[in-house]
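Trainee: Sequence and predicted structure, then a few things I'm wondering about:
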Amino acid sequence: SQLEVGGTNLNLDLLRPLLGLRRKLSGTMNFTAQFSGALQDPELGLSVDIRNGGINGLTFDSLVANAFYKNGQFNVEQALLTEGSNKVKGVGTIPFNPALRTLAEQRPMRFEISLVDASLSLLTLLTPQVQEAAGRLEGQVLLGGTPRQPQMTGRLTVRDGRIRLRSIVTMLEEVQADVAFSEDRMTIRTLTARLGSGTVSATGTVAIADFRLSRIEELRVRAQGARLEITPVFAGQVDADLTFSGPLGDPAHPPEVAGQAVLKEGDVVIAGASAGAGPGGRRPNLRFRQVRMVGGPGLALHLGRLRIEVKEGSAVLLGGTLRAPALDGDVTAERGTMTVFGQTFFLREGQARFLPQLGVIPIISAQAETRVGATRVFIEVQQALPDELGDRLILRSDPPMSRGEIVALLARQSSLAHLASGNVEAALRVELSRALFGQVGETIARALGLDEFTIQYDAAQPLQLRIGRLLVRDLFVTLTTVFHQERTRFIWALEW
């Protein structure tokens, strides 16, 4: 007996119960199917044309295939998947159990996948972590063995690629890669790329099970002078030698990373309201196995209002996970600044101590000073959490003054003086100045290598720009520019 069935513009999700799939299918389908033979062992000829399809985040423009089913095997004579300019061709035999509506796991298969006019943009279809990709992708992979224990042979190469990951601002450029497949292993023979003005490279092996990457056996990643920007945690250069290992796809047991990273010529921002705070969301998790984080030249650490220039060679151990990191060790300040009552103080000594039970929240000890007119003001804090800095401050001055007098002196430089006099409008103007210009000033100061870059705005007073640089330990030079309608004034000063 023979039977022919066809359909046009059908919802592809109609196939989900027939194929035993749980995830929703999207797209439209045109098909023609011809049935013949006995019901116990039917033969099937199938022609399929799917448009704008998708499953589990993998989308494509079209899938055209011609196949026939006989003796428990789907024989794919031709299959062509197209997404933009990318084309993937498939041909071969796949065992199928119609009674169970699933692949026959113990029967042999042979299916060849070839990349035709393909590019790295295929990565954006396979993983949401890749935001953008381009470059030449060539090669073919032969699937053998059984669906339960697939064996693969083949090779993929990448030439002149570019990849942008969602968690990293800086784009990987000049990507070159050679990846080999052997049985149930994928081996990265070589992978090199430029990251900013530096380079990164990777080699290693990943196990494959059920057609998925199942376990990192060992993946070694090295970086040399690589420019890395992970908003809002870090922006700077990295020298690293890291080794990744462990299972993939198991949230309870994320892969691990060990090794060392030297951070330099940049800024680290540590902000967390509670222990264990860290980047979360939907990012893949990762367990840190005592990764040694070392401060290199030109590294600044930001802890709320406290900014310290890390002494070269200071190191902490990174543990916990990517979503709940924990630091262990001490970071010593070479110099830096902290803001109290709107006044910039310059560190004489500073240390941030990290304990694993506090996550990334430091215990801060610092001694700093500033000058208000002819008075030198000193502050000291010992073993305080960031939220305790205001309550734990010890204030001294030269010439000597009481704590109340020092606070009043500092308050005259900030909106506190306006509040004390009941002038709420003036206080709001000063706070508006900080809100508008504070963060911008920090960014410009870092870019220009300055210790101070502040803009003061008051509707009743002219705009003022003040820049400063610590020349030696106790000598600070400033330039204050007062922008007035009639003329602009430049005031140079030395403070010590």
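Mentor: Sure, I can see it. Residues are numbered from 1 along each chain as shown.
Trainee: Flag every buried residue along stretch 195-214.
Mentor: 195-196, 198, 200, 202, 204-208 (16 or more other Cβ atoms under 10 Å). Just so you know, the C-beta spots here come from the backbone N, C-alpha and C atoms, and that holds for glycine as well.
Trainee: So which of these sits lowest on pLDDT?
Mentor: Among those, residue 208 has the lowest pLDDT, at 84.
Trainee: what's the residue nearest to that residue when sequence neighbours are not counted in contact with, if anything?
Mentor: By the measure of Cβ to Cβ, 6 or more residues apart in numbering, the closest residue to residue 208 outside its immediate chain neighbours is residue 184, 5.1 Å from it. By Cβ atoms under 8 Å, 6 or more residues apart in numbering, the contact set of residue 184 is 149-152, 207-209.
Trainee: okay, the buried residues of stretch 195-214 in TSV with secondary structure and distance to residue 373 next?
Mentor: Output for the buried residues of stretch 195-214, formatted as TSV (DSSP: H, G, I helix; E, B strand; the rest coil; distance: Cβ to Cβ, whole Å):
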residue	secondary structure	distance to residue 373
195	strand	48
196	coil	44
198	strand	47
200	strand	52
202	strand	58
204	strand	62
205	strand	67
206	strand	65
207	strand	69
208	strand	71
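Trainee: still on that earlier bit, which among the contacts of residue 184 gets closest to residue 355?
Mentor: Nearest to residue 355 among these is residue 207, at 36.7 Å by Cβ to Cβ.
Trainee: For the residue lying closest to that closest one once chain neighbours are set aside, which residues are in contact?
Mentor: Once flanking residues are discounted, residue 207 sits nearest to residue 215: 4.3 Å by Cβ to Cβ, 6+ apart. Taking Cβ under 8 Å, 6+ apart, we find residue 215 in contact with 206-207, 209, 246-248.
Trainee: Tabulate those residues in JSON lines, adding columns for distance to residue 133.
Mentor: JSON lines is the format used below for the contacts of residue 215 (distance: Cβ to Cβ, whole Å):
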{"residue": "206", "distance to residue 133": "19"}
{"residue": "207", "distance to residue 133": "24"}
{"residue": "209", "distance to residue 133": "25"}
{"residue": "246", "distance to residue 133": "25"}
{"residue": "247", "distance to residue 133": "25"}
{"residue": "248", "distance to residue 133": "20"}
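Trainee: Am I right that residue 99 falls within a strand?
Mentor: No - applying DSSP: H, G, I helix; E, B strand; the rest coil, one finds residue 99 to be coil, outside a strand.
Trainee: middle-most residue in this structure, spatially?
Mentor: In the chain, the C-alpha nearest the mean C-alpha coordinate belongs to residue 167, at 2.6 Å (Cα atoms, centre = their mean).
Trainee: Surely that one is in a strand?
Mentor: No - using three-state DSSP, the assignment for residue 167 is coil, not a strand.
Trainee: wait, doesn't it sit right on residue 129?
Mentor: Yes - counting by Cβ atoms under 8 Å, residue 167 touches residue 129, with 7.1 Å between them.
Trainee: Which strand or helix spans residue 323?
Mentor: Using DSSP states H and E, no element contains residue 323; it sits outside every helix and strand.
Trainee: Could you do the one 4 residues further on as well?
Mentor: Following DSSP H and E, the helix or strand that holds residue 327 is strand 325-340.
Trainee: ok, that strand: who's next to it in the sheet?
Mentor: Using DSSP bridges, strand 325-340 pairs in its sheet with strand 306-310 (antiparallel), strand 315-320 (antiparallel), strand 343-354 (antiparallel).
Trainee: With mean pLDDT and mean neighbour count as added columns, please give these in a markdown table.
Mentor: As requested, these are exported to a markdown table (pLDDT from 0 to 100; neighbours: other Cβ atoms under 10 Å):
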| stretch | mean pLDDT | mean neighbour count |
| --- | --- | --- |
| strand 306-310 | 76 | 24 |
| strand 315-320 | 93 | 18 |
| strand 343-354 | 82 | 20 |
